[in-house]
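Undergrad: Could you look at this predicted model? Sequence included:
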Amino acid sequence: MTRLHAWLLSGINDRSLQHAGPGAKPAADRRHPWWKVMCLTGVDYFSSLGYQPGIAALAAGLLSPVATVVLVLVTLLGALPVYRRVAAESPHGEGSIAMLVRLLPFWQGKLFVLVLLGFAATDFVITMTLSAADATAHLDENPYWPAALRDHEVPVTLVLLGLLGAVFLVGFTEAIGIAVAIVGAYLTLNVIVVVDGLWLIATHPSTFTGWTTALTAQHGNPLLVVAIAFIVFPKLALGLSGFETGVAVMPHLRGDPADSEDHPTGRIRDTRKLLTTAALIMSGFLLTSSVVTTVLIPAPEFAPGGKANGRALAYLAHEQLGPVFGTAYDLSTIAILWFAGASAMAGLLNLVPRYLPRYGMAPQWAGAVRPLVLVFFAVAVLITVAFDADVNAQGSAYATGVLVLMTSAAVAAALSARRHHEHRKFTAFAVIAAVLTYTTIANIAERPDGVKIAGCFIAGIVLVSVLSRIGRSFELRVTDLQFDATAHTFIQDCARRTIRLVAKEPAHRSIVDYQDKTRQVRADNDLPDDADVIFVEVAITDASDFASAVVVRGEVMHGRYRVLILENPAVASAIAALLLGIQDRTGRRPHIYFEWTEGNPAANFLRFLIFGQGEIAPVTREVLRRHQPDRNHRPHVHVG
């Protein structure tokens, strides 16, 4: 058990070495040209070609090509400009969430992050389960797939997910090289399928006129066709995936030699190239694939149980180019769909720890990769079983996660433009945000399963975060402790005798306040009149933050009272760190004097959890006890 425990938690102090997925910070010599990194994004983005044309045809019917035009316009005129802005505002892979967090302080900002993380988790987890389910569908329809394994979608999908989890448990070290090979092969085969389909339509005009005739018969008014296409468009929102991942992989871009972490100009430029190229490639495939699949595939084949259900281009590959080519296409599709899950898993392993640990909202084991892999794998298994490995059934949840993240990105871009007084850009981004908001609401209204699943993710993340914050509230929440010259002089002067510190509220700093506090401490603790004391005042910063560095400043008040001034999210943790720092520097055990806080102890503890203050004395003592179990080497805590 000890060996297993050590294996699971290995690398807990340096997660960045565990994998090279989106959001990691590779060494400079392991960064790559933008077109290679685009392939890492592409295993998520381009893989949606495996199911998008079939889902679009099922949702929009004969209107699929027209609705796809709307999708492409939203992609190129909406999502692309938004994420080009996000790349410039968060060049270290934080994404749009970080842009919005900066606008919301205190607990409302943290709660907002948890909600967005819930939708992000929905996006990434459903990417894994939906992609694996679609890979299973391609296997199931392949003529060379053993008959004994057909119609066993759930077990096969779970095996694919298990293989994905095993990759990360062993160690996911280099994704980009594999992604380049997979994306290159997949796009090449798709070009062959699409060009063959377009050639078939060009040489058999009756196929195209048959589609236009049927479309005119159903919808005679062209304006009505466009209006219906806009209404149906939200059902095609799966084709908007991949932009958030495109920003998350920014740390992998090589950029320019002159780039620095503060000014990564080349990285931002190359990320914009990546996003633009990927969007143009995908837009071309979305348009052409919607045409060839809608025109050439009989409508009943798109329905559940049909041969083109969830695999429209694969259907054409087999029907038009034969089983050998079709099998090659299936293998490339299965590879990219499976590896899309790998990209999503890597995104989760970077996104969740990017925020929760520094908020104190994740257990200690969340600092290691392998336990998180097991958690995400377990969730993926539950979703696969719950949806019976059905691609169409999971589409709503996937689209909901994607659309909420894209809407939040558009809002963040609009607010950023407004903050920089860019009025035209603000108007443009506000319009994009409105379009994406409509799309999100329409998608949720049409298929509420997505928001229900996201709600479950949000509830789970909030619950774990609250329990983790409570469980870790007694940790020493100071990342670094520095003394300025005056504070250092105070400490060294007192080190020649008993070091006595008095905790005092920073709000009242008149000479009378210091006189009264001195008399009270001496009376409560029977200190002699000549006992030398130093006051300690801790100012609360943002109590919703978990930890921060502390600079101890020394100040002489009213010509006679020495004061050590600190700033931290939690008073008790700051005082405990100060005591331990003094003990380390002087070799003497300092004494700290408190007075009991009036009021209900339970209410005071809640004040400590939420506002960083409350019942300071017992919490300080508990922080010290956990950090130094030996009471003979622990600073003294007195309460009067």
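TA: Yep, it's here.
Undergrad: Next SSE downstream of the lengthiest strand in the chain?
TA: The longest strand of the chain (DSSP state E) is strand 548-557. Moving toward the C-terminus from strand 548-557, the next helix or strand (DSSP states H and E) is strand 561-568.
Undergrad: contacting residues around the longest strand of the chain?
TA: 477-490, 509, 511, 514, 535, 541, 562-569, 574, 577-578, 581 (Cβ atoms under 8 Å, 6 or more residues apart in numbering). (Glycine included, C-beta is placed from N, CA and C.)
Undergrad: Next, count neighbours for Gly61.
TA: 17 (other Cβ atoms under 10 Å).
Undergrad: Please apply the same query to the one 10 residues further on.
TA: Using other Cβ under 10 Å as the criterion, Leu71 is surrounded by 30 other residues.
Undergrad: now the longest strand of the chain: mean pLDDT?
TA: Strand 548-557 carries an average pLDDT of 90.
Undergrad: Please apply the same query to stretch 595-606.
TA: The model assigns stretch 595-606 a mean pLDDT of 76.
Undergrad: What are the buried residues along that stretch?
TA: Buried residues in stretch 595-606, counted by 16 or more other Cβ atoms under 10 Å: Glu595, Thr597, Asn604, Phe605.
Undergrad: Does the second one touch Asn604 like I think?
TA: Read that as Thr597. Yes - counting by Cβ atoms under 8 Å, Asn604 is a contact partner of Thr597 at 5.3 Å.
Undergrad: can you list residues touching both of these two?
TA: Gly614, Glu615.
Undergrad: Weed out the non-buried ones from the contacts of strand 548-557.
TA: Buried among the contacts of strand 548-557 by 16+ other Cβ under 10 Å: 477-478, 481, 483, 486-487, 490, 509, 514, 535, 562-569, 574, 577-578, 581.
Undergrad: picking up where we left off before, tell me the one among the buried residues of stretch 595-606 nearest to Cys494.
TA: Nearest to Cys494 among the buried residues of stretch 595-606: Glu595, at 21.1 Å, using Cβ to Cβ.
Undergrad: Could you measure from that closest one over to Ala577?
TA: Distance of Glu595 to Ala577, given as Cβ to Cβ, to the nearest Å: 21 Å.
Undergrad: Ile178 too?
TA: For Ile178 relative to Ala577 (Cβ to Cβ), the value is 45 Å.
Undergrad: Same question for Thr541.
TA: 14 Å.
Undergrad: Could you do Arg472 as well?
TA: From Arg472 to Ala577 the distance is 15 Å (Cβ to Cβ).
Undergrad: what about the helix or strand encompassing Thr327, distance to the chain center?
TA: According to DSSP H and E, Thr327 maps onto helix 312-355. With Cα atoms, centre = their mean, to the nearest Å as the basis, helix 312-355 stands 22 Å off its chain's centre.
Undergrad: And for stretch 251-269?
TA: 22 Å.
Undergrad: wait, doesn't Ile499 sit right on Pro590?
TA: Yes - using Cβ under 8 Å, Ile499 is in contact with Pro590, at 4.0 Å.
Undergrad: Nearest residue to Val115 in space, please, no chain neighbours.
TA: In space, and not counting its chain neighbours, Val115 is closest to Ile458: 5.5 Å by Cβ to Cβ, 6 or more residues apart in numbering.
Undergrad: Next, count neighbours for the one you found.
TA: For Ile458, using other Cβ under 10 Å, the count is 20.
Undergrad: what pLDDT does it get?
TA: At Ile458, pLDDT is 87.
Undergrad: try Arg269
TA: 93.
Undergrad: Could you report the distance from it to Ala87?
TA: 9 Å.
Undergrad: quick one: contacts for Ala303?
TA: Leu58, Asn309.
Undergrad: what about 10 Å?
TA: Ala303 is in contact with Ala57, Leu58, Asn309, Asn392, counting by Cβ atoms under 10 Å, 6 or more residues apart in numbering.
Undergrad: Give me the subset of the residues you listed lying in helices.
TA: Residues of those located in helices (DSSP state H): Ala57, Leu58, Asn392.
Undergrad: Who wins on neighbours among those residues?
TA: So for the ones in helices among the contacts of Ala303 (other Cβ under 10 Å), the most neighbours sit at Ala57, 28 neighbours.
Undergrad: any idea how far that residue lies from Phe608?
TA: In terms of Cβ to Cβ, Ala57 sits 58 Å off from Phe608.
Undergrad: and if you look at Glu537?
TA: Taking Cβ to Cβ, one finds Glu537 at 17 Å from Phe608.
Undergrad: And Leu580, by the same measure?
TA: Taking Cβ to Cβ, one finds Leu580 at 19 Å from Phe608.
Undergrad: So between those two, which is more surrounded?
TA: Between Leu580 and Phe608, counted using other Cβ under 10 Å, Phe608 has the larger neighbour count: 23 against 20.
Undergrad: Mean pLDDT per helix and strand in the chain: which one sits at the bottom?
TA: Of all the helices and strands that make up the chain, helix 2-8 has the lowest average by mean pLDDT, DSSP states H and E, namely a mean of 65.
Undergrad: Which neighbouring elements make contact with the helix or strand following that one?
TA: Scanning forward in sequence from helix 2-8 by DSSP H and E, the next helix or strand is helix 34-45. Helices and strands touching helix 34-45, by 3 or more Cβ pairs under 10 Å, 6 or more residues apart in numbering; DSSP states H and E, are helix 106-141, helix 176-203, helix 243-248, helix 265-296, helix 312-355.
Undergrad: Tell me the buried residues in helix 34-45?
TA: Here helix 34-45 shows Trp34, Lys36, Val37, Met38, Cys39, Leu40, Thr41, Gly42, Val43, Asp44, Tyr45 as buried, counting by 16+ other Cβ under 10 Å.
Undergrad: Among those, which one lies nearest to Val195?
TA: Gly42 (19.5 Å).
Undergrad: Confirm for me that that closest one is in contact with Leu275.
TA: No - shown here, Gly42 and Leu275 do not form a contact pair, counting by Cβ atoms under 10 Å, at 11.5 Å.
Undergrad: Could you name every residue contacting both of those two?
TA: In contact with both Gly42 and Leu275: Gly242, Gly246, using Cβ under 10 Å, 6+ apart.
Undergrad: where in the stretch 301-450 of the chain is pLDDT low?
TA: Applying pLDDT under 70 to the stretch 301-450 of the chain picks out residues 350, 357-358, 364, 366-367.
Undergrad: switch to 80 and redo it
TA: Where the stretch 301-450 of the chain drops to pLDDT under 80, the residues are 305, 310, 341-370, 391-399, 446-447, 449-450.
Undergrad: ok, which stretches of the stretch 451-600 of the chain are strands?
TA: Using DSSP state E, counting those that start in this stretch, the strands assigned to the stretch 451-600 of the chain run over residues 478-483, 500-503, 534-540, 548-557, 561-568, 591-594.
Undergrad: Using CSV, write out every CA atom in the third one.
TA: C-alpha atoms of strand 534-540 as CSV (Å, rounded to 0.1, in the frame of the first residue of the first chain):
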residue,chain,number,x,y,z
ILE,A,534,6.4,44.8,20.0
PHE,A,535,2.9,45.2,18.5
VAL,A,536,1.8,43.1,15.5
GLU,A,537,-0.8,44.4,13.2
VAL,A,538,-2.1,42.3,10.3
ALA,A,539,-4.2,43.9,7.5
ILE,A,540,-6.5,41.6,5.6
